[in-house]
Each structure stands twice: as structure tokens, then as C-alpha cells.
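Q: Fold the following for me, if possible:
(2 chains)
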Amino acid sequence: MVEAFAVASGKGGTGKTTSTLALGMALAADHDVTVVDADTGMANLLFHAGLDDAAVTLHDLLVEGTATDVNEATYERFGLSVVPCGTSLAGFEAAEPERLRDVVAELARDTDVLLLDSPAALGSKSAVLPVVLADRVVVVVEPTIPALSDGLKVQEYARSYGTETAGVLFNKVRGGADDVAAQAERHFGGPVLANVPESDAVRAARRAGEPLIAHAPESEAAARYRRAADRLDVRDGDGDAVADRFRSAVVPDTP
Amino acid sequence: MSGSPEGDGSASPTLTVPRGTLLRSRVVSDVGTTLSRALDRGLTGYATLVPQETLLLSGKARGVLTFEDGVPVLAYNTVTDSGGPDALAELAVPGPYRVELYAVDRSGLAAAHEEESLRVAPDAAATELADDADLAERTRDAAPGERLRDGDDEDDAVAAFLADDDRIDAIREQARAEARDRAAEWGLDDALDGSAEPDGDDADAAAGDGAVSGGAVDR
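A: Predicted structure coming up:
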């Protein structure tokens, strides 16, 4: 295990899931990458990865008393290990968020980079757990005031739990936004990883149920995501220590 | 109505518009409701917008947003005398607004609407105040072609926001306090990083034995 990143935004619609899979595929050129849909209430990674009919998902791993093995919910797709989450309300209600810690610890033993696609909110324990558990956070924002405000808020929540910012990804950028990116860098604890343009290729990839880099590898957006991954500067860590840390992270029982 | 008559005499122009006919007055949780209503009825007139969020603003914003045929034209903050994107940035806060919507004869706004320094991109209010991409697109579609060049500066409000260090500090401070409060509520306070909050009164209490969090390794 090298490092676990929470990909987070604080608001919906910024393209977090697209970004998680694109960064994952780009990082997979040099690392074993596992992508987890940690947005247990509003899961959608399965639709982006062609796993709509996945029989076993993260929801099954988060239910007490099930003997489900993590491997059963892990699918090899597009050069990644993908742990999708189900979309049923019943599955969400039965899930116990604190069990995510054990799932992450288990996955951490067997992968280099763990990307946690995080909920677009901070209003519940299950929503903040990914930023609590991760080593660092990648903040995905659109270049708008509401998105930047929420991105700053995510950063502060993460910092409160000792999770620093790996970088900021500007998504759905129209026009240049270079000035905005340079200014934003002053306020975030990490570099601007890329300005990813608003793109028909992203929408087409989503419709096709494929990650952007698989669907449109030559697109400008895909190139920007690769650049973002290069700038992410994945840190070498002691795999056993990281797994132990997840296992011992203080996450008490009450939901 | 008029922009702040007791302005500081700086070069920025004030906004003067006729009072017009009051159509609605209420507190809205989402200012997109107001913008959408103005767009749908093709309103020519203006809205006054008073954010109810006081923590981040300290009472520094009372906005006027004018419309022509439902599309926003000018933005102005009567408290600070800021206009255009700067005013939008000052008004862009989460939470409810007290909104009044007025209709004004087109001729009553003609002179004001010539003041280009107060102009905002047609979709900027929908994006920055209402955070509504669909409404922004509908507004762009409804805007006359010559207004779309006002969109060349659409990042200006964002740049103004990012240049306001006091405001950013306030957002961050508020988020830190909220994170601490909620951690206690969710039973996650043992996972808080005690070293992260030099200004936290009880930060040292969070770094108890066994507290392990995402930041505990490698930093």
C-alpha cells in the first residue's frame, strides 16, 4: 500500500466520479489502483464503470453479519480494481458506515493506490468517513464561487482529521481559468492538478458506461487528467503501517 | 431607488433606478427561484437581494440585480458600492436571501443599463448566486447575442471572491468550527487531529491515545 486518497468536493455535480476513474486509470500506468465508491447514499460509480448489474457491492460489505469477502465486491475493469456501491435505499439503510474502515484496511493490503469516491456532502458520519480515513484529499471543484466555497470547506473538514490536501482539480472549465487556478492555489494546501475543460467526451463516456480515459483516450480532458495524475506525487508508505492505521482508526459504533 | 448616496466618493459609479412596482417580497432559501421567476416572466426591472447569512458578511451586502427581458444585466452592492462581478462575489453566500422583485418601465432602466462597469455576464447570477447550471444555460439561451460578450469576463466574480482573503478565512474558520462540533456529535472527536487547530480551544483534548486519523502517517 502506498497511499489512500479521498476524491471529494462538498457539492454535487462537480464530476467527482468521472475524476476518480480518470485519475485511477491514469495512475494505473504505474501503480496497482483500487477505486471504491464510498458514496454509499448516492452511488453512481457503477454506472460509469459498466457495472450496473454488479451482484455484490460495497453495501453488502457494510452489513453486519454477512460473511461477504471483499474480493467478491471487487471487479477488475479497465486496468483497475473497482469496488462499486449499490443504489438501493434498503442497501444504504442496512449499511453500517463504520465498517468502511475494515473494508478500506482490507483493500489497503493488496493495492498501491486507493481512491475513495466520496459523498458530495459533509452532513453525516458516513459522508465524512472517507476524508477521515484517507491519507490525503483531492478536492474537485468547478470554477464557481459556490463550488470553491464548498471545496474550501471540505479541505478544512479533512484537515480537522489530519488529512491534508493533495491537490485541487478544476473541472468543467469554460475558457481559460488560469488566473482563477493560480489564485485558488493560495488557499488550498496543494497544487492545482489540472484545469479539465467541459467536454462532450465526458458526457459521451458517461452514456457509454465507460471511464473517460477508456472511451476517449485522445480527448483534451483525458490528457488533462493524465497530467493531474502525474502531479499527484503519490507517496511511498509502509503498506502494513497504513493498513494497521485504518484498522485502528477510532471510529466508534454509534451511527 | 438608488445606490448608496453616502458612498466614499471613489470612482465606481452608483446605480440609480426608479422604484417601480413591487411584485414579490419574501425570504427564499434558494435565490434561483427568484432568478427563474424573473426569466420565465421576461421581467424588466430589478431584484433587491439581502443575504441572511451574517457570519460571513457582517452585514456587508445588500444587492440590486437588474433584469431586461428576464436576463440579469447589472449587479450592485449598495453597502460597499461595488458593482458588476465584485458585487456578485460579495452577494454569493449560502443560505436564504430576503428578496424583493420590482417591475420597471424599460425606459426607466435604459440609462443605468448603459453603465458597462456594473454589468455581469447573463448567466453569472445563476452560477454564482444560485449554483444552478441548468438555469445558467437557460439564461444564456435567452440572452440577446450582444449580451453574450459580457460573458468574456465570467471568471471575474470568482477572481474577486478568491482575492477576498478575509472572506476565505471566515469560510475556513466556520468550517473548522463546524467540523469540530459535528465530530463530537458523531462520536468522531477522537479521530480529530489535535495539531490541526491552533485556534481551537479544546483542540488538545482531541489528540487522545489511540486517536489515529488520515494525517497520522507520513507528515
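Q: what's A:E3 sitting at in phi/psi?
A: When read as degrees, to the nearest 10, the backbone of A:E3 gives phi -160, psi 150.
Q: looking at it, it is touching A:E164, isn't it?
A: No: assessed by C-beta atoms under 8 Å, A:E3 is found out of contact with A:E164, at 11.4 Å. All C-beta atoms are positioned from the backbone trio N, CA, C, and that covers glycine.
Q: Overlap of the contact sets of these two?
A: Common neighbours of A:E3 and A:E164, using C-beta atoms under 8 Å, 6 or more residues apart in numbering or on different chains, are A:R136.
Q: Would you mind listing the residues in contact with A:E198?
A: By C-beta under 8 Å, 6+ apart, the contact set of A:E198 is A:172-174.
Q: Give me the pLDDT value at A:D117.
A: pLDDT for A:D117: 95.
Q: ok, for it, nearest residue in space, not its chain neighbours?
A: Nearest residue to A:D117, sequence neighbours excluded (C-beta to C-beta, 6 or more residues apart in numbering or on different chains): A:T20, at 4.2 Å.
Q: before we move on, what about A:F92?
A: Per C-beta to C-beta, 6+ apart, closest to A:F92 is A:G41, 5.3 Å.
Q: What is the neighbour count of the one you found?
A: Applying other C-beta atoms under 10 Å in any protein chain shown, we find 18 residues neighbouring A:G41.
Q: returning to that earlier point: helix/strand/coil for the residue nearest to A:D117?
A: For A:T20, the assignment made with DSSP: H, G, I helix; E, B strand; the rest coil gives helix.
Q: thought it was touching A:P130?
A: No: if you go by C-beta under 8 Å, A:T20 and A:P130 don't touch, sitting 10.9 Å apart.
Q: How many neighbouring residues does the closest residue to A:T57 other than its chain neighbours have?
A: Leaving aside its sequence neighbours, A:T57 sits nearest to A:G86 (C-beta to C-beta, 6+ apart; 4.1 Å). Counted with other C-beta under 10 Å, residues neighbouring A:G86 total 22.
Q: before we move on, what about B:S117?
A: 11.
Q: what stretches of the stretch 1-150 of chain A score poorly on pLDDT?
A: Confidence mapping of the stretch 1-150 of chain A against pLDDT under 70 gives the ranges A:1, A:67.
Q: 90 instead?
A: For the stretch 1-150 of chain A, residues meeting the criterion pLDDT under 90 lie at A:1-2, A:10-13, A:40-42, A:63-69, A:88-106, A:108-110, A:120-127, A:133.
Q: can you give me the strands in it?
A: Counting by DSSP state E, counting those that start in this stretch, the stretch 1-150 of chain A has strands at residues A:3-8, A:33-37, A:75-77, A:80-83, A:113-117, A:136-141.
Q: For these, give me TSV that also has distance to A:V104 and mean neighbour count.
A: Below are these laid out as TSV (distance: least, C-beta to C-beta, whole Å; neighbours: other C-beta atoms under 10 Å in any protein chain shown):
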stretch	distance to A:V104	mean neighbour count
strand A:3-8	7	28
strand A:33-37	7	29
strand A:75-77	17	16
strand A:80-83	10	25
strand A:113-117	7	27
strand A:136-141	14	29
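Q: Generate a markdown table for these, with distance to B:T44 as supplementary columns.
A: A markdown table is the format used below for the strands of the stretch 1-150 of chain A (distance: least, C-beta to C-beta, whole Å):
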| stretch | distance to B:T44 |
| --- | --- |
| strand A:3-8 | 42 |
| strand A:33-37 | 47 |
| strand A:75-77 | 54 |
| strand A:80-83 | 53 |
| strand A:113-117 | 45 |
| strand A:136-141 | 35 |
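Q: if I look at the residue most central in space within chain B, how far off is chain A?
A: The centroid of chain B falls nearest to B:A92 when counting by C-alpha atoms, centre = their mean (1.1 Å). The gap separating B:A92 from chain A is 4 Å, by C-beta to the nearest C-beta, to the nearest Å.
Q: can you check B:V17 too?
A: Here the criterion is C-beta to the nearest C-beta. By it, B:V17 lies 25 Å from chain A.
Q: How many neighbouring residues does that residue have?
A: 21.
Q: shouldn't it be in contact with B:G108?
A: Yes: counting by C-beta under 8 Å, B:V17 does reach B:G108; the two are 6.6 Å apart.
Q: still on that earlier bit, from the contacts of A:E198, list just the buried residues.
A: The neighbour-count test (16 or more other C-beta atoms under 10 Å in any protein chain shown) applied to the contacts of A:E198 identifies A:172-173 as buried.
Q: Keep the contacts of A:E198, but drop any that are not near chain B.
A: A:R174 (C-beta under 8 Å from any C-beta of the partner chain).
Q: Which ones among the contacts of A:E198 lie within strands?
A: A:172-173 (DSSP state E).
Q: and which of the contacts of A:E198 is nearest chain B?
A: Set against chain B, the nearest of these by C-beta to the nearest C-beta is A:R174 (7.6 Å).
Q: Just the pLDDT for the closest one.
A: The predicted structure lists A:R174 with a pLDDT of 82.
Q: my guess is it contacts A:P197, does it?
A: Yes: between A:R174 and A:P197 there is a contact at 7.4 Å, judged by C-beta under 8 Å.
Q: Next, give phi and psi for the closest residue to A:R77 other than its chain neighbours.
A: Spatially, and ignoring its direct neighbours in sequence, A:R77 is nearest to A:A49 (5.3 Å; C-beta to C-beta, 6+ apart). Note on A:A49: backbone dihedrals following degrees, to the nearest 10 are phi -110, psi 10.
Q: Contact partners for A:A49?
A: Counting by C-beta under 8 Å, 6+ apart, A:A49 has contacts A:21, A:35, A:75, A:77-78, A:82, A:84, A:209-211.
Q: picking up where we left off before, residue contacts, the residue nearest to the centre of chain B?
A: Taking C-beta under 8 Å, 6+ apart as the test, what B:A92 contacts is A:145-146, A:149, B:128-129, B:157, B:161.
Q: In the stretch 51-200 of chain A, mark out all the helices, start to finish.
A: Along the stretch 51-200 of chain A, counting by DSSP state H, counting those that start in this stretch, helices occupy A:58-61, A:89-94, A:100-108, A:125-133, A:145-160, A:178-185, A:200-208.
Q: neighbours around the closest residue to chain B within the stretch 151-255 of chain A, how many?
A: Using C-beta to the nearest C-beta, the closest approach of the stretch 151-255 of chain A to chain B is made by A:G162 at 2.2 Å. Look at A:G162: counted by other C-beta under 10 Å, it has 24 neighbours.
Q: so A:S19 makes contact with A:L169?
A: Yes: using C-beta under 8 Å, A:S19 is in contact with A:L169, at 5.7 Å.
Q: between the two, who's got more neighbours?
A: Using other C-beta under 10 Å as the criterion, A:S19 and A:L169 rank with A:L169 on top: 28 against 25.
Q: and the more buried one, what does it touch?
A: Neighbour list for A:L169: A:19, A:23, A:138-141, A:192-194, A:196, A:228 [criterion: C-beta under 8 Å, 6+ apart].
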